[in-house]
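> Following is a predicted model, sequence given first.
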Amino acid sequence: MSKKSEPPIEVVCPCCQATLKVDAQLAVVLSHHAAPVAGPDVDLTDAGRLLREQAERREEKFQKSWDAEQKKDDVLSRKFEEALKKAKNEPIEKPLRDFDLD
């Protein structure tokens with residue numbers, strides 16, 4: 001019952017540089033230590049410019065959504081008219097039901 005325990009193996013992930021401690025006998029991960037994440041490389045002197053750019057992007061997205069919402073009624077009515085024309089041109093068929101397939 002007293003097996004000689006081997007020390008855990010430390011493995012470094014090549015992708016994320018995290019450190020894993022693995023027990024070879026049990027084939028389980030004993031612990032995981034994530035690699036430290038570097039913060040964004042932003043110079044505080046550019047903070048004003050970054051805020052203006054973000055505000056411009058927000059305004060642009062809002063304007064696009066506003067325009068889409070204004071045109072929504074026209075788009076839906078045109079889609080309905082096209083579907084109605086298509087339905088009028090197609091012959092009337094009896095709908096296929098599940099038990100008709102038996």
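Okay, I see it. Numbering: from 1, shown residues only.
> ok, how many other residues are close to residue 8?
17 (other Cβ atoms under 10 Å). All C-beta spots, glycine's among them, are computed from the backbone N, C-alpha and C.
> Tally up the residues packed near the closest residue in space to it that isn't next to it in sequence, please.
Excluding the flanking residues, the one nearest residue 8 by Cβ to Cβ, 6 or more residues apart in numbering is residue 21, at 4.4 Å. Number of residues near residue 21 (other Cβ under 10 Å) recorded here: 15.
> Can you point out the buried residues in whatever helix or strand residue 21 lives in?
Here residue 21 sits within strand 19-23, counting by DSSP states H and E. Buried residues in strand 19-23, counted by 16 or more other Cβ atoms under 10 Å: none are found.
> Report all helices and strands that that strand contacts.
In terms of contacts (3 or more Cβ pairs under 8 Å, 6 or more residues apart in numbering; DSSP states H and E), strand 19-23 is packed against strand 9-12, strand 28-33.
> Tell me which of those sits nearest to residue 66.
strand 28-33 (46.6 Å; Cβ to Cβ).
> Distance from the chain centre to the next helix or strand after that closest one, please.
Downstream of strand 28-33, the next assigned helix or strand under DSSP H and E is helix 47-89. Computed by Cα atoms, centre = their mean, to the nearest Å, the chain-centroid distance of helix 47-89 equals 22 Å.
> For helix 47-89, give the mean pLDDT please.
For helix 47-89, mean pLDDT rounds to 93.
> Contacts only, for the residue most central in space within the chain.
When Cα atoms, centre = their mean is applied to the chain, the residue found nearest the centroid is residue 61 (18.7 Å). Taking Cβ atoms under 8 Å, 6 or more residues apart in numbering, we find residue 61 in contact with no residue.
> okay, the angle between the strand holding residue 21 and strand 28-33?
160 degrees (axes from the mean of the first three to the mean of the last three Cα atoms, to 10 degrees).
> Across the sheet, point out what pairs with the residue nearest to residue 8.
residue 10, residue 31 (DSSP bridges).
> contact partners of the strand holding residue 21?
Taking Cβ under 8 Å, 6+ apart as the rule, strand 19-23 contacts 8-13, 28-33, 35.
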